[in-house]
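> Structure for this input, please:
(one chain, ligands or ions: 1)
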Amino acid sequence: MRIDSDPKLDFDDVLIRPKRSEAPSRSAIDLERKHKFLNSGATWKGVPLVASNMDTVGTMAMAKVLGPEMMVCLHKYYSDEDLIEFFQNDHRTSVFFTLGIKDDEFEKLRRVKQQADVRFVCVDAANGYTRFFVERIKRIREAFSDLTIMAGNVATPDMVQELLISGAADIVKIGIGPGSVCTTRTKTAVGYPQLSAIIECADAAHGLRGHVCADGGCRYPGDVVKAFAAGADFVMLGGMLAGHDECEGEWIEEDGKRVSMKFYGMSSQTALDKYAGGKKDYRAREGKEVVVPHRGPVKETIQEVTGGIRSACAYVGAARLKDMSKCTTFVICHRPQAGMFHREFGN
Ligand code: 5GP
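You can find the predicted model right below:
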């Protein structure tokens, strides 16, 4: 056993220092990023927010509203037919096909890709540290050299490098345990403070011209700002997008009107019952279920987020989101900021 005594930071441990600046007005701040991906060679341009591939949030309705400017990882439970139809029409330029590491999921990708123009895939595993996971990414790369592959999750630079070099991934997804409905940290004690994970992993990826997507733990627009300021190229959102009109799932209604919806982790009992025929005896549930209020159209929440980013850029003197990280000085403030529904321990 050893102890790493370097301090590691979460979103709540920092704020960003304001600076005197020549920043343009908020409306002139450019939130668009242009990325060229390391292994696929493809390019992408847009506002680098990504809807998580959770079954409530990674929906086709979400893709229709957020795309093509922003990205969506479709959840992996759509049928072949629905995916083929979807990817055959216009919404494909910012949408990820999601798969896990099972052979039948790989075969599904092959079938859909034969009939439709899938350009982005998100290969999602709770634990991206296994040799099998790296081998799977490599196999996808060998089969489809043109695909832009996002792979994860991991939280340390060694594994970011492994996935970019040996796996030939393009974007590595960062986050072990920070998710709003994730219980990995309380069930297994495994995790890594998300702000430090982003800082360390972005540094490793950028050294290789790879990219990182910060995944999990953003509860407020300010957390999204901190993730970009820490060096994230993309920021993935689950809980912040839950409860909107574009979500799929179980709504709770009163007088015929939606008031709230169930939002749950993809390893929660709810998800395991729905998709895996219940929990296997040897596994712990690493997710929980919460109820979130109905929040109307997602565009309004997205405007809050983009407004927060613009304002942050103005405070630190960044004319573009691209410059945010280099303009940032984090100040450490070991003071918990306000809690929110999904920070409470439940289940
Ligand atoms: P959020 O934005 O809600 O804080 O985090 C979303 C992320 O949490 C997802 O993109 C995914 O990486 C992670 N996640 C979703 N469901 C579960 C789960 O059941 N267990 C764990 N450990 N992580 C989850």
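> What segments of the stretch 201-347 of the chain are helices?
Assigned by DSSP state H, counting those that start in this stretch, the helices in the stretch 201-347 of the chain fall at 221-229, 269-275, 298-316, 324-327.
> For these, please prepare JSON lines with the additional fields mean pLDDT, mean neighbour count and distance to the ligand.
Just so you know, the C-beta spots here come from the backbone N, C-alpha and C atoms, and that holds for glycine as well. JSON lines is the format used below for those (pLDDT from 0 to 100; neighbours: other Cβ atoms under 10 Å; distance: least, Cβ to the nearest ligand atom, whole Å):
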{"stretch": "helix 221-229", "mean pLDDT": "98", "mean neighbour count": "25", "distance to the ligand": "9"}
{"stretch": "helix 269-275", "mean pLDDT": "94", "mean neighbour count": "17", "distance to the ligand": "7"}
{"stretch": "helix 298-316", "mean pLDDT": "97", "mean neighbour count": "18", "distance to the ligand": "12"}
{"stretch": "helix 324-327", "mean pLDDT": "97", "mean neighbour count": "18", "distance to the ligand": "20"}
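> Take those and lay them out in JSON lines including distance to His334.
As requested, the helices of the stretch 201-347 of the chain are exported to JSON lines (distance: least, Cβ to Cβ, whole Å):
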{"stretch": "helix 221-229", "distance to His334": "15"}
{"stretch": "helix 269-275", "distance to His334": "34"}
{"stretch": "helix 298-316", "distance to His334": "21"}
{"stretch": "helix 324-327", "distance to His334": "22"}
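> Compare the ones you listed and give me the one nearest His75.
Nearest to His75, of all the helices of the stretch 201-347 of the chain, is helix 269-275, at 9.8 Å by Cβ to Cβ.
> so how far is that closest one off the chain centroid?
In terms of Cα atoms, centre = their mean, to the nearest Å, the centre of helix 269-275 is found 21 Å from the chain centre.
> helices or strands next to that helix in the packing?
Judged by 3 or more Cβ pairs under 8 Å, 6 or more residues apart in numbering; DSSP states H and E, helix 269-275 is in contact with strand 257-264.
> run the last query once more with 10 Å
Under the contact definition 3 or more Cβ pairs under 10 Å, 6 or more residues apart in numbering; DSSP states H and E, helix 269-275 sits against strand 257-264, strand 289-293.
> Now do the spatially most central residue of the chain, the pLDDT please.
The C-alpha lying nearest the average C-alpha coordinate of the chain belongs to Met236 (Cα atoms, centre = their mean; 2.4 Å). pLDDT recorded at Met236 is 98.
> Would you tell me which residues of the stretch 201-347 of the chain are close to the ligand?
215-218, 236-240, 265-268, 286-287 (Cβ under 6 Å from any ligand atom).
> Of the residues you listed, which belong to strands?
In strands, judged by DSSP state E, the following of these are found: Asp215, Met236, Leu237.
> so what's the first one up against?
With contacts taken as Cβ atoms under 10 Å, 6 or more residues apart in numbering, Asp215 has the following neighbours: 50, 52-53, 73, 122, 124, 150, 152-153, 155, 172-176, 178-179, 194, 197-198, 227, 232, 234-238.
> List the beta-bridge partners for it.
Met236 (DSSP bridges).
> Quick check: residues of the stretch 51-200 of the chain near the ligand?
Counting by Cβ under 6 Å from any ligand atom, the residues of the stretch 51-200 of the chain close to the ligand are Ser52, Met54, Ala126, Asn153, Gly175, Gly179, Ser180, Val181, Cys182, Thr184.
> doesn't Thr328 make contact with Arg17?
Yes - Arg17 lies in contact with Thr328 (Cβ atoms under 10 Å); the separation is 8.0 Å.
> These two: who's more crowded?
Ranked by neighbour count (other Cβ atoms under 10 Å), Arg17 and Thr328 place Thr328 first, with 22 against 11.
> any low-confidence regions in the stretch 51-200 of the chain?
90-91 (pLDDT under 70).
> can we see that at 90?
89-91, 93 (pLDDT under 90).
> Show me what residue of it gets nearest to the ligand.
Gly179 (2.5 Å; Cβ to the nearest ligand atom).
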